[in-house]
Structures are given as C-alpha cells and as structure tokens.
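S.K.: Below: sequence and its predicted model.
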Amino acid sequence: MAPRDDANSGTAPSVRPRALRFAGVGLFAWLTARRELERQLGRHARQHEAVARLGQIALREHDLRRLIDEVVETVARVLDIHLCGVLKLREGEERLDMISSVGYHEVPDGSLPGGTGTQAGYALLRREPVIAHDLRRETRFDPAPLLEQGMVSGMNAVIEAHDGPFGVLTAHTSRRRRFSTDDVNFLVAVANVLSAAVERQRKELATKHAALHDPLTGLANRTLVLDRVDLALARRLREGVDVALLMLDLDRFKLINDSLGHAAGDEVLVALASRLREAVRSSDTVARLSGDEFVLVCERSGGVRRVVELAERLGAAIGRPLILSSGEHFLTASIGIALAETKADTAASMLRDADAAMYRAKHRGPGRYELFDGTVRDQVLTRLRTEAELRHAIERGELCVHYQPIVDATSGRPVATEALVRWEHPTHGLIPPLDFIPIAEETGLIIELGRYVLERACAQAAEWQRRFDVPLQMFVNASGCQIAHPLFPAEVADIAIRSGLRPRTLGIEVTESVLIEETGSSMGVIGELHAHGLRLILDDFGTGYSSLSYLRRFPLDAVKVDRSFVDGLGSCSQDAAIMKSIVEMCHALGLSVVAEGVESEQQRRQLRRLGCEHIQGYLVSRALPVDEAGAFLQSGFAGGCEAVEPGAAGHADASLVLRPSA
Ligand code: C2E
Ligand code: CA
Ligand code: CA
C-alpha cells in the first residue's frame, strides 16, 4: 500500500543525497548531514526491530487486547509521538471504538466519530495510509478535533480484516513533523501485524464456535451445555442460586422427516430453535443435543413453580402453528424437568434425570411435562437394576417362550401360534414382556433376546409341523431396532432354514409404529423379509395411525386388529362398523385378518359374521408353556378340523392358511 502524497503529505526528504551531492560543502554541513544519516539509520533499525518484536508477540499472545496495548505503547515510543491509538470500526456505524491508546485526553463513552470527515474515516474510505504533515493546512478532512487535542502532524494506517477494515492505527504529534517514508512504512507494517492477529483471532473464534455449537440451528451443542451446567452448579454451591435443566423432545417429529423430507425437518428445527430462544431469558442456555432433542439450562430459575410456568410457556410457544415453506405444522414436545437439589448433582446426572422425566412425560401422551422426583428416581433405579439382571437372564437361560394359538374363526382349527417371551425371574417369578421388552429395546439387548426367541420358536414350530404333519405357522414379534438392522432378514431366513421349518410358515409381527418410525431403513428390510419367503403381519392395527398407505406400501400378508376394537363388539355398534370396514379393506387388499384379544363367544360370532377369518384370545387359549401348547394343538387338529372344515387338507399349501376365506 503506497503512502499518499498530497500537498500536505508526502515522504520526508532524503538526507543522503542532499548532504553528499554537492562537492565542496563545508565540513560543518557535512557533519550535520552525517549525523542526520546516522540518526535515520538508527531509527530505521529500531523500527525494524519493533515490528519484528510485535510480530513475535502476536504469535504467542492469544489475547488481542494485550497485543494492541503493546502496539500503541511501542508505536508512540518508536515514532516519538504524543498520541497513538487503535480504533475499531463499529459494525454498520460511522463510529470508532477506542480499544487502546496513549496520550488521548478523554474520549467520551470510549468512542470517536468515524465519518469520512475525520482523518480516521478518510483513511477507512481510501483504504490506505493518510499522512498529514501539518493539520493546520489540512483540507481533505476536518482536522478540528485533532487540533483541539493540540496535535499538529499525524498519520493513520488502516488495519484490514478478512471482510473489510477492522479499524485504524493512529499516530499524532503536537510538533510539526514531516514523516519519513520509513515512518510511514513502519506504521503500515505494525498495522499489518495487527491485521494478521485479528484474522487469526477470527479464525480461532470461528473454530471454537463450531466446536461448541450445532451447525444447523446455531444453538449450543452437548459439550457447551454440559460445561454451562457445570459452571452453574459450581455457582450454585458458592452463591446458592437455583439451577434447572429442561429436556425437550418433539413428539412425532419423525413423521415430518419421513413424509416431507429432511429439508422440511431441518426447517422445522431451525424455526423451533428461534422460538425456544425467544421464550427464555438471554442468560439461559438453549442447546440442541441431537435430532429433535433440545436442552434448556436456567440459572436463578426461581424454584419449582417458576420452572413449571416456564415449561408451560415453552409448550405454548412450541404449540403455536408453524407456517413454513413445507406447510403448516402443529408441534408438541415432551418436557422433562430436573432441578439441582444436592451437592452431588453433576451435569451428567441432571441430564439423566431430565431425560428420565421426559420419557415419563412422553409415556403420558404428547405435549406433557414431568418433573423429576423421588418416584422417577425409584423408577430409574428399578430400571437400571432390571437392565443389569436382564443381561444375566439371557446368559442364564431364564427366558422362555410361551405360545398362544391362532385359530380359524369358523372351524376352531389352529392355523398358527404366536411366540410370546416370558422371563422366569429366580426371585420375582414370571415377568410379563411389557416389563422388560422396552428396557431390552433401549439397551440393545433386544437383538440377542429376539434371536433367542426366534431360534426357540422356529425349532418348536418345526417339531409341531413334523408331529402333526401340518404346515402350522409360527408368528414371532419383532421390535423396531431389529427391523432397522440391515442383516435382520438374512439372519431370520437362516434361522428358519436351519430349524427345518417348512417354507413360508414363519411370520414376523411388526407394529405400525415400527413402520412409521423406521420407514427410511425398514422399507428395504421389510421387502427383503418378504423376498426371503417370510410372512409379514401388521400387529396392533388400529392403535397407531391406522393409515391405509402403510397397508399398501409394505408387502404385508395379514393384519392383526387390536384388542381395543374387539372389546366393543356386541356392545358398541361403532366398533362393529369399524371392524367391518377394516375387514373389507384388508380383503380388498388381499390381506387376511386376525382379531386379537377375543374373550367371548359373542365376539367370535360377530367377527365371523363380519368376515374376519382368524381369531386369537383367551376364548381360545392363553399363551401356554410349550407342553400345554402342544397338547392344545393336538386336540385342535384332532377335533375341529374334520368336523367343520372337511376340505382342510388344503392346508398343505401354507400360503392358503392365512388368506381371506372366499
Ligand atoms: P402383542 O404382540 O400384542 O401380544 C398380545 C398380548 O396380548 C400378549 O401379551 C397376550 O398374552 C395378550 N393377550 C392375548 N389374548 C388376550 C385376550 O384375550 N385378552 C387380553 N386381555 N390379553 C390377551 P404378552 O404376552 O404380555 O405380550 C405383551 C407384548 O409384549 C406383546 O404384545 C408384544 O408386543 C411384546 N412381546 C412379547 N414377546 C415378544 C418378543 O419375543 N419380542 C418382542 N419384540 N416383543 C414381544
Ligand atoms: Ca404380537
Ligand atoms: Ca398385538
């Protein structure tokens, strides 16, 4: 950047040529010139040295402020001037903040005007150094403010940054002075040192920001929020302030992602992030942990009541219709609240407590909040204990499989059995699956457990098929995490083949929610299961979204209508109407229908009238231990079959077993 050379600017006269050009000058003149030359060389060396030293400080000093202090002090000393300052341009304003200075009398509110009428503003406009040898004759800008400070000469150099100027480095003196080229170059070199340091600081801040924030929403990430909680907990111990942590999880967010795509999902998350930020105080931290999980940290939360009010306010903020390019969304979130209570609280324990409370809230339905309390803590402990015991249960063979028959609604002949796992706990007795399957799912133990049930069930079905010489089917339940596994179909097919099961007699039961939650990955898995000759049964139909599109989208073989619809048969005409339309719809799609939870003869008769061909429930039999199930099947095949359905030899073709009856 070349220094400007105006009437009032320009470089200082060079001494060497004038002193030596003329031969015959007097010795005095020669000595004067020589002394001046030496002074100049000395100044030049000092300037060089100062720039090098500042460069070194810039390398090791990560605090920009301290480097700037060093710069103003050095420039004032090396140039031997009265005023030196680093002025930082305020974003979007014609004002300059005085970051550090030497010699200024007073700067009201620490800033100076930075318009183009000032020397600094003029330098910023030109983006080059501006030298004023005599401010009293200055015409390019208004020198009055500097003259008021008693200054006569001065220069400004611009401190550049990556996206425009950072500010200016100023140097002024109350003596009239012609600044030399060396002086100007020195100031510019120091400004460049500052530019490099500013740029490095910007990069460091950007890297730090990226490491601690979520790139999508700009909210704090897990690392940062854990750190903030730790700091808040430390302050709580010192100053006794309250600390609350709220964990938020959107309800049914997957549905948006799956049906409208990830871009729409992202749009929702970004909009939600700003709503959360608006709903809390600026001192609170809002973070996104992952997916649709957010955390809020409130210091000085004001106790339980205030936090509950906050949870309600957040619920309301989230619930306001969200109008985006992807459409109008109505969201709810489940919120878990944890309050710091004991000295032992840590960020991790608070996060865990809020998470546990959030789960409980979710269980109660969408849009609820829960406070972590003793009950939740007990539940968490029981859960942790159960989890540990469940691991051993699999190793120690405490799991067993019971079988519940599924029969033809007309003939009563068994067509299939459903494998239902049981846990024979050494001290607590028989534990029902709903008490441990969810834990197995959360911990991943379901994979091992599921494999065990499949192996047992397939071996048992093969044995019964041989014993009774019928293609009796076996239905096994599968959880979402099993279905989500890409190797699941191959593994199931392998187990089925190794067990000696007849082809096409193994059915996998999945719930609607599994199809909804996992559509992305499960679509392929479901297709593969089908391709391997396995049957697919949609379980608990009617409890979820009961969406027709799922019936069409997946290659299903049968639908199990949930017990809740069977319950009302005979007493509630609406249930009968619903059941009728489900049966008709399934038949139209070529799917057979099984009614679950059939407990009375009246229900069975009505189901038969409505065209439902298979039933399962306590009316027929409970889930039975293997020997009792064998005995049930034996009597079923011996009796029901010939009496009601003489043509039942057709069961040799397994594919006909679960087809709608003509
Ligand atoms: P599900 O698949 O819907 O199984 C039917 C449940 O209803 C069984 O409960 C069964 O005993 C019960 N049930 C059958 N008939 C009647 C009836 O007439 N009235 C009433 N009130 N209930 C009846 P269970 O065995 O306690 O199983 C509960 C759930 O646990 C099952 O629901 C299934 O989702 C899950 N489950 C069981 N075994 C496994 C397994 O091996 N793997 C997986 N992933 N889940 C399993
Ligand atoms: Ca089932
Ligand atoms: Ca079911």
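M.R.: All right, it came through fine. Nothing here was measured: the structure is a model prediction, and the numbers come from that model. Numbers count the residues shown, from 1 in each chain. Ligands and ions are numbered 1, 2, ... in the order given.
S.K.: Poorly predicted segments of the protein, please.
M.R.: Residue ranges of the chain with pLDDT under 70: 1-25, 517-522, 545-546, 640-662.
S.K.: what residues does it put near ligand 2?
M.R.: Residues of the chain found near ligand 2 (Cβ under 5 Å from the ion) are Asn477, Glu509, Asp539. Every C-beta, even on glycine, is put in place using the N, C-alpha and C of the backbone.
S.K.: Is the last one bridged to anything, and to what?
M.R.: When assigned by DSSP bridges, Asp539 has beta-bridge partners Thr511.
S.K.: residues contacting it?
M.R.: Shown in contact with Asp539 (Cβ atoms under 8 Å, 6 or more residues apart in numbering): Asn477, Glu509, Val510, Thr511, Glu512, Lys560.
S.K.: Look at the second one and tell me its secondary structure.
M.R.: This points to Glu509. strand (DSSP: H, G, I helix; E, B strand; the rest coil).
S.K.: My read is that it contacts Phe475, right?
M.R.: Yes. With contacts counted by Cβ atoms under 8 Å, Glu509 reaches Phe475, the gap being 5.3 Å.
S.K.: Quick check: neighbours shared by those two?
M.R.: Glu418, Ile537.
S.K.: more neighbours, those two?
M.R.: Using other Cβ atoms under 10 Å as the criterion, Glu509 and Phe475 rank with Phe475 on top: 27 against 20.
S.K.: Enumerate every residue touching that one.
M.R.: By Cβ under 8 Å, 6+ apart, Phe475 lies in contact with Ile406, Ala416, Thr417, Glu418, Ala419, Gly507, Ile508, Glu509, Ile537.
S.K.: As a markdown table, the residues you listed with distance to Arg277 would be great.
M.R.: Below are the contacts of Phe475 laid out as a markdown table (distance: Cβ to Cβ, whole Å):
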| residue | distance to Arg277 |
| --- | --- |
| Ile406 | 53 |
| Ala416 | 54 |
| Thr417 | 55 |
| Glu418 | 49 |
| Ala419 | 50 |
| Gly507 | 49 |
| Ile508 | 45 |
| Glu509 | 44 |
| Ile537 | 46 |
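S.K.: which of these lies closest to ligand 2?
M.R.: Taking Cβ to the ion as the measure, ligand 2 lies nearest Glu509 of these, at 4.2 Å.
S.K.: For the longest strand along the chain, buried residues please.
M.R.: Determined from DSSP state E, the single longest strand within the chain is strand 414-425. Residues of strand 414-425 classed as buried: Pro414, Val415, Ala416, Thr417, Glu418, Ala419, Leu420, Val421, Arg422, Trp423, His425 (neighbour count, 16 or more other Cβ atoms under 10 Å).
S.K.: Pick out the most distant pair among those residues.
M.R.: Longest distance between any two of the buried residues of strand 414-425 is 32.5 Å, between Val415 and His425; criterion Cβ to Cβ.
S.K.: ok, which residues in this structure are in contact with ligand 1?
M.R.: Within the chain, the positions near ligand 1 by Cβ under 6 Å from any ligand atom are 404, 420-421, 432-434, 437, 450, 453, 477-479, 509, 539-540, 563, 597-599, 617-618, 623.
S.K.: Which neighbouring elements make contact with the helix or strand harbouring Cys400?
M.R.: Per DSSP states H and E, Cys400 falls inside strand 399-408. Judged by 3 or more Cβ pairs under 8 Å, 6 or more residues apart in numbering; DSSP states H and E, strand 399-408 is in contact with strand 414-425, helix 445-468, strand 614-615, helix 626-638, helix 640-644.
S.K.: so which of these is the most packed in?
M.R.: Comparing those on average neighbours per residue, with mean count of other Cβ atoms under 10 Å, the densest one is strand 614-615 at a mean of 25.
S.K.: that older thread, check the residues of the chain next to ligand 2 against ligand 3, which are close?
M.R.: Filtering the residues of the chain next to ligand 2 for neighbours of ligand 3 using Cβ under 5 Å from the ion leaves Asp539.
S.K.: Nearest to Thr332 among the residues of the chain next to ligand 2?
M.R.: Distances from Thr332 to these, taken by Cβ to Cβ, are shortest for Asp539, at 25.7 Å.
S.K.: Now do the buried residues in the helix ranked longest in the chain.
M.R.: Selection of the longest helix in the chain by residue count, based on DSSP state H, yields helix 27-60. Across helix 27-60, burial judged by 16+ other Cβ under 10 Å covers Ala33, Gln40, Arg43, His44, Gln47, Ala50, Val51, Leu54, Ile57, Ala58.
S.K.: what's the spacing between the residue positioned nearest the centre of the chain and ligand 2?
M.R.: Nearest residue to the geometric centre of the chain (Cα atoms, centre = their mean): Ser290, 2.1 Å. Distance, Ser290 to ligand 2, using Cβ to the ion, to the nearest Å: 31 Å.
S.K.: which residues touch the residue lying closest to that residue once chain neighbours are set aside?
M.R.: Using Cβ to Cβ, 6 or more residues apart in numbering and skipping residues adjacent in sequence, the residue nearest Ser290 is Arg222, 7.7 Å away. Shown in contact with Arg222 (Cβ under 8 Å, 6+ apart): Ala287, Leu289, Ser290.
S.K.: Just the ones of those residues in strands?
M.R.: Judged by DSSP E, these include Ala287, Leu289, Ser290 as members of strands.
S.K.: Leu64 reaches Ala196, doesn't it?
M.R.: No. Look at Leu64 against Ala196 with Cβ under 8 Å: they stay out of range, at 11.1 Å.
S.K.: So between these two, which is more surrounded?
M.R.: The residue with more neighbours, out of Leu64 and Ala196, is Leu64; 19 against 14, by other Cβ under 10 Å.
S.K.: which one is that one nearest to, not counting chain neighbours?
M.R.: Closest to Leu64 by Cβ to Cβ, 6+ apart is Gln201, at 5.0 Å.
S.K.: Hmm, Asp63 and that neighbour touching each other?
M.R.: No. With contact defined as Cβ under 8 Å, Gln201 does not count as touching Asp63 (9.0 Å).
S.K.: In terms of neighbours, single out the busier of these two.
M.R.: Remark: of Gln201 and Asp63, Gln201 carries more neighbours, 17 against 10, as counted by other Cβ under 10 Å.
S.K.: Any buried residues in stretch 244-258, and which?
M.R.: Within stretch 244-258, the residues scored as buried using 16+ other Cβ under 10 Å are 244-251, 253-254, 256-258.
S.K.: Now the terminal residues of it, how far apart.
M.R.: Separation of the first and last residues of stretch 244-258 by Cα to Cα, to the nearest Å is 33 Å.
S.K.: Quick check: the farthest pair among the contacts of Asp539?
M.R.: Distance extremes for the contacts of Asp539: the farthest pair is Asn477 and Glu512 at 13.4 Å, using Cβ to Cβ.
S.K.: re the thing from before, just the buried members of the residues of the chain next to ligand 1?
M.R.: So, by 16+ other Cβ under 10 Å, the buried ones in these are 404, 420-421, 433, 437, 450, 453, 477-479, 509, 539-540, 563, 597-598, 617, 623.
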